[in-house]
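# the sequence and its predicted three-dimensional model are supplied below.
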Amino acid sequence: SAEASPSVVFENIGRCSPNCLPMLLENISRLTVDADFTVELIPEINVAVVTFIKSIDTKEFVKKCSQDKRVREFKMTARLLELTQTIKAENLPDSISTDYLTVYFESARSGGGPVSDVQLFPEENSAIITFCDRKGNT
């Protein structure tokens with residue numbers, strides 16, 4: 001797909017505190033956290049995912065990040081999050097249904113899009129959700 005992802009993955013975020021990262025990203029992007037972008041920390045794998053609500057050139061943003069003095073001092077790296085048609089949802093309640101998951105992941109409010117398939121794995125409390133295209137999967 002020629003379309004750039006609206007999400008950027010920051011790896012090796014351990015040296016940058018959870019309170020510092022959003023401010024650093026505001027400084028680089030000149031945008032505002034929550035209004036223009038969201039930050040999801042995934043400390044288990046030392047990663048943060050930044051998703052832009054406001055349309056920006058994410059490729060250019062990644063380039064700016066790689067040149068930023070503070071990002072380099074923290075030894076973080078930034079890359080575009082790959083677009084995918086399939087995601088795995090984990091830690092689902094026992095009572096979850098494929099219909100509920102389909103409606104949830106098709107919700108524009110959740111950043112979703114048309115779902116083509118949902119496979120439930122009750123023994124793992126997880127599901128694999130497949131979208132019709134690569135846009136509705138953030």
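Alright, I've got the coordinates.
# can you pull out the strands in the protein?
If DSSP state E is used as the criterion, the strands of the chain fall at 7-11, 37-42, 47-52, 77-80, 86-89, 115-121, 126-131.
# next, the buried residues of the fifth one.
Within strand 86-89, the residues scored as buried using 16 or more other Cβ atoms under 10 Å are Ala89. C-betas here are computed from N, CA, C, even on glycine.
# beta partners for the most centrally placed residue in the chain?
Among the residues of the chain, the smallest C-alpha distance to the mean C-alpha position (Cα atoms, centre = their mean) belongs to Val49, namely 4.6 Å. The residues listed as beta-bridge partners of Val49 by DSSP bridges are Val9, Glu40.
# give the contact list for it.
Applying Cβ atoms under 8 Å, 6 or more residues apart in numbering to Val49 gives the contacts 7-10, 39-40, 42, 81.
# roughly how far apart are it and Cys20?
Here the distance between Val49 and Cys20 works out to 17 Å (Cβ to Cβ, to the nearest Å).
# okay, now Ser116: neighbour count?
The tally of other residues near Ser116 (other Cβ atoms under 10 Å) stands at 12.
# nearest spatial neighbour of Val50, skipping sequence neighbours?
On the basis of Cβ to Cβ, 6 or more residues apart in numbering, the spatially nearest residue to Val50 that is not a chain neighbour turns out to be Val8, at 4.7 Å.
# pretty sure the one you found sits against Thr77.
No - using Cβ atoms under 8 Å, Val8 is not in contact with Thr77; the gap is 10.4 Å.
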